[in-house]
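S.K.: Fold the following.
(chains A and B)
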Amino acid sequence: MNTLTIPTRREALAKRLRDVVDGPHVLSSPEELAPYECDGLAAYRIVPLLVVLPGSVEEIQAVLRICHEERVPVVARGAGTGLSGGALPHEQGVLLGLARLNRILAIDPDNACARVQPGVRNLAISEAARPHGLYYAPDPSSQIACTIGGNVAENAGGVHCLKYGLTVNNLLAVELVTIEGERITAGGSGLDGAGYDLLALITGSEGMLGIVTEITVKLLPIPQRAQVALAAFDAVETAGQAVADIVAAGILPAGLEMMDLPAIRAAEDFVHAGYPTDAAAILLCEVDGGNEEVSEDIAKVRQRLLDSGAQEVRTASDDTERARFWAGRKAAFPAVGRISPDYYCMDGTIPRKHLPRVLREIARYSTESGLRVANVFHAGDGNLHPLILYDANVPGELELAEQVGGKILELCVEVGGTITGEHGVGLEKINQMCAQFPPEELQMFHDIKAVFDQYGLLNPGKAIPTLNRCAEFGAMHVKAGDLRFPHLERF
Amino acid sequence: MTAHDAADAITAQVRDAYEDRRPLRIVGQDSKAFYGRPTTGEPLDLARHSGVIRYEPTELVITARAGTLVTELEQKLAEHGQMLAFEPPSFGGSATIGGAVASGLGGPRRPWGGAPRDLLLGATLLDGRGRRLRFGGEVMKNVAGYDVSRVLAGAMGTLGVLLDVSIKVLPAPAVERSLVLTMGRDRALHKMRELARQPAPLSAACHIEDRLYLRLSGNASSVAAWEKQIGGDGGAGGDFWQSLRNHALPFFAAERPLWRLSLAPALPRLDCEHEVVTDWAGAQRWVYTRCAPAELRNEVAKVGGHAILFRHGDNETPVFHPLDAVSERIHVGLKRRFDPAGILNPGRMYPTL
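M.R.: So this is what the prediction gives:
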């Protein structure tokens, strides 16, 4: 299909695209293209054929029509903070950067929603809604920088999913431009839309079905108050049981986080949050809501934690202390980055009851491989982030880390969980998709893709492995000092 | 409680029907037989495939076969202080959990507790070839692959036969209080929206015939504080919400076309809303109208909503809101991939699906 050399093809396509998008927003020189060669998964880098930065939905439609006609792959990109390589460019394709579409079109307090363009930052929505006493609930750790368009593509999570749900539970509608350049709306101005729930299908589809050009998100009332308890345990199993006990008591915490000893020590050395460094595990349990509700719930949480065998329970006396309790957890990733040249972050989800077994197995893999593993865990919703510590300069360690990571993800599937809870498959976990889904289900995914994109032009090679490509392997390798966007929180 | 695994028999029936290109009409308890377009076909009985497969209260997940009765599930959950947060309606009959998910309908708690699609974590389904596929799972967070199971919620059985479903359950509130305030519709709508913007423990808000009904759910101190702040009298017990959920209120007894409008909640009364129950704090409106169907739909579409002819339609008016050409093409494409022979509830939603 592409008999022309890349430079020739690049110039020919750039010329066509400059007819529909302002010249300066079609990037084609090597120095202009270089910044787009990777997203948050910096281990993979590909220079795209072109970068196009459209300024309107009409321009996006026009670009897609041309790409469709010329059978050019299109990869959408928001802020490029994704951790699974979902926005890794295609060398024969257009990287469609949506950052210029960054307007909040409407904050509608009466209907408790906001209509925004895809390039709006996640946190900017809550900031704009705050004067009305409202906020947007999903809070992926990179929320200061990541865009809502990327959140929709990945069905992003955060630390509050147990109570407030994922992105898919907090959307009312999206406008999608198909690869043919046509616009549709999925969802509606009410709580549901006509026909099949295409909104659910599009959310989390990793840019494989269309380009999301406008998003209506649900806004929630800002809770009057939040309060957090910090509990220390002498065994991981006891901490796991405490989580179950809190849930059994009818409490739905806003956040419920666990860290094991290696993670506690790394975090404490880094930010001095006051964590007990002799505990086998700590739990952070936050409740939010009305004043009375929070007072009642935090007392209940405290009692439950003690009854469940916590050695110590502290409750934050004010917002400053609350922030300090959270600081260690939020700094866990960079803290681990300080104690190891490299680390490899996993994102499996497991039924919570299997936590002791999964952590035991991970410890065994760690002993066998000689690689240290620190675990941070969104305990409320079962989303586990083991961080495998390794040194890429030691021959064979990277491969070893990948092997351990693969075994951990396969273990997650084996106990009834999933290979990715919130980071997405992208390129990174495309191999493990084969462990999670049998061929018939993978084929159904391809069939769905074909309904939207018969030539496979949208983000080719991502999210869903071809049946005969199931052996490929990839991973998130974070090189110390080479972590993309080191200033962003990662948890 | 009855538990019976009929998956193999059901699978065999779908496979045979696929071979012979024979349409199937998927039936649980048939409590929602009135809903959707008429579909003919050999009955595919899901009621025989019943029972809870797994329930661990501390995981907040229950997995049950499609034919399990909603009442059985709710009873089992209540034993552990938990609930189905979407309050599926059964319209006076007994309903199955498969039908509740497939119809996608939520009760009064829906704006706060979520719709079936929000709480559905995974499903095993049979596609139109009789292949057994599993999407999603039993965990809260799962972003591997397209979210196929959620698309099945509300697809009225036209994309697949749900064999079992995994549903996120929530702790039942410690205390529930119902309040009634006497006020007209416009003021009530304003009040509902005002409350929806505050961190009030609201779990239902419905206006009917000059009365605003509110339900507060939460812990004792929170409910008491808000009850005091809102005022009104505690006149409506649980019966009102059950009657609303199952359309047992006198309003729903009329044998005239009943419309369900889904639209931006704060919108003032539309011209075509002649008699109306305003539920979901304004987002769901049950309407009898003197307008022609096209006129009503036009008015609703203009404000970004959609209208379903819920009950007592004629055979000509489309039941579900017509789709634009591009969306229709996608719908037809999906239907062909899931059900190439067009044997699963053909025409129940749209003539082409």
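S.K.: Just give the nearest non-adjacent residue to A:A263, would you?
M.R.: A:A374 (4.1 Å; Cβ to Cβ, 6 or more residues apart in numbering or on different chains). (C-beta placed from N, C-alpha, C; glycine too.)
S.K.: Would you mind giving the secondary structure of the one you found?
M.R.: On the three-state scheme (DSSP: H, G, I helix; E, B strand; the rest coil), A:A374 is labelled strand.
S.K.: Who does it form a beta bridge with?
M.R.: For A:A374, the beta-bridge partners are A:L387 (DSSP bridges).
S.K.: so who does it touch?
M.R.: A:259-260, A:262-263, A:266, A:332, A:336, A:386-387, A:389 (Cβ atoms under 8 Å, 6 or more residues apart in numbering or on different chains).
S.K.: Just the pLDDT for the residue of the stretch 151-300 of chain A at minimum distance from chain B.
M.R.: Per Cβ to the nearest Cβ, A:S189 is where the stretch 151-300 of chain A lies closest to chain B, at 3.2 Å. Looking at A:S189, its pLDDT stands at 96.
S.K.: one step back: so how far is chain B from the residue nearest to A:A263?
M.R.: Between A:A374 and chain B the distance is 20 Å, computed by Cβ to the nearest Cβ, to the nearest Å.
S.K.: low-confidence ranges in chain B?
M.R.: B:1, B:234-238 (pLDDT under 70).
S.K.: Give me the domain ranges for it.
M.R.: B:7-171, B:175-311 (automatic domain parsing).
S.K.: Pick the most deeply packed of those.
M.R.: Highest mean neighbour count of these: domain B:7-171, a mean of 21 (counted as mean count of other Cβ atoms under 10 Å in any protein chain shown).
S.K.: residues in contact with B:A281?
M.R.: With contact set as Cβ under 8 Å, 6+ apart, B:A281 has these partners: B:111, B:192-193, B:195-196, B:202, B:205, B:265.
S.K.: if you skip the residues just before and after it, what's nearest to A:E292?
M.R.: B:S221 (3.7 Å).
S.K.: element containing the spatially closest residue to the residue of the stretch 151-300 of chain A closest to chain B that is not a sequence neighbour, please.
M.R.: With Cβ to Cβ, 6+ apart as the criterion, A:S189 has its nearest non-adjacent residue at 3.2 Å, and that residue is B:G304. Following DSSP states H and E, there is no helix or strand that holds B:G304.
S.K.: Surely B:G304 touches B:A264?
M.R.: Yes: using Cβ atoms under 8 Å, B:G304 makes contact with B:A264 at a distance of 6.5 Å.
S.K.: Spit out the residues that contact these two alike.
M.R.: Common neighbours of B:G304 and B:A264 (Cβ under 8 Å, 6+ apart) are A:189-190.
S.K.: related to what we said a few turns ago, turn the domains of chain B into CSV, columns for distance to B:P318.
M.R.: As requested, the domains of chain B are exported to CSV (distance: least, Cβ to Cβ, whole Å):
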stretch, distance to B:P318
domain B:7-171, 8
domain B:175-311, 7
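S.K.: returning to what we had before: quick one: contacts for the residue nearest to A:S189?
M.R.: By Cβ under 8 Å, 6+ apart, the neighbours of B:G304 are A:173, A:185, A:188-190, B:263-264.
S.K.: centroid residue for chain A?
M.R.: For chain A, the residue nearest the mean C-alpha position is A:H423 (3.4 Å; Cα atoms, centre = their mean).
S.K.: Against A:K353, how distant is it?
M.R.: Between A:H423 and A:K353 the distance is 23 Å, computed by Cβ to Cβ, to the nearest Å.
S.K.: what does stretch B:332-342 rub up against?
M.R.: Counting by Cβ under 8 Å, 6+ apart, A:196, A:444, A:447-448, A:450-452, B:18, B:21, B:23, B:127-129, B:151, B:158-160, B:344, B:352-353 sit against stretch B:332-342.
S.K.: Around chain B, pick out the residues from the stretch 301-450 of chain A.
M.R.: Proximity of the stretch 301-450 of chain A to chain B (Cβ under 8 Å from any Cβ of the partner chain) is limited to residues A:349-353, A:378, A:380-383, A:416-425, A:429, A:433, A:436-437, A:440-442, A:444-445, A:447-448, A:450.
S.K.: circling back: ok, the residue nearest to A:E292 to A:L256 distance?
M.R.: B:S221 is 22 Å from A:L256, by Cβ to Cβ.
S.K.: residues touching A:L411, list them.
M.R.: A:348, A:358, A:361-362.
S.K.: Between those residues, which sits nearest chain B?
M.R.: A:G348 (9.3 Å).
S.K.: Can you get me a residue count around the closest one?
M.R.: By the criterion of other Cβ atoms under 10 Å in any protein chain shown, A:G348 has 28 neighbours.
S.K.: count of residues packed around the residue nearest to it when sequence neighbours are not counted?
M.R.: The shortest distance from A:G348 to any non-neighbouring residue, by Cβ to Cβ, 6+ apart, is to A:C412 (3.3 Å). By the other Cβ under 10 Å criterion, the neighbourhood of A:C412 contains 29 residues.
S.K.: got it, and the one 4 residues further on?
M.R.: Here the neighbour count serves as a burial measure; for A:G416 (other Cβ under 10 Å) it reads 20.
S.K.: what's the closest non-adjacent residue to it?
M.R.: Per Cβ to Cβ, 6+ apart, closest to A:G416 is A:P351, 5.2 Å.
S.K.: shouldn't the one you found be in contact with B:E59?
M.R.: Yes: between A:P351 and B:E59 there is a contact at 5.6 Å, judged by Cβ under 8 Å.
S.K.: Name the residues contacting each of these two.
M.R.: Common neighbours of A:P351 and B:E59 (Cβ under 8 Å, 6+ apart) are B:E138.
S.K.: quick revisit: so which of the contacts of A:A374 belong to helices?
M.R.: With helices taken from DSSP state H, the overlap with the contacts of A:A374 comprises A:262-263, A:266, A:332, A:336.
S.K.: For these, name the two members farthest from one another.
M.R.: Using Cβ to Cβ, the ones in helices among the contacts of A:A374 span at most 10.1 Å, a distance reached by A:P262 and A:A332.
S.K.: got the contact list for the residue nearest to A:E154 when sequence neighbours are not counted?
M.R.: Closest residue in space to A:E154, ignoring its immediate chain neighbours: A:G424 at 4.2 Å, by Cβ to Cβ, 6+ apart. Applying Cβ under 8 Å, 6+ apart, we find A:G424 in contact with A:82-84, A:86, A:153-155, A:204, A:206, A:463, B:143.
S.K.: Can you report phi and psi for A:G424?
M.R.: phi 90, psi 160 (degrees, to the nearest 10).
S.K.: for chain A, what are the low-confidence residue spans?
M.R.: Ranges of chain A meeting pLDDT under 70: A:1-3, A:469-491.
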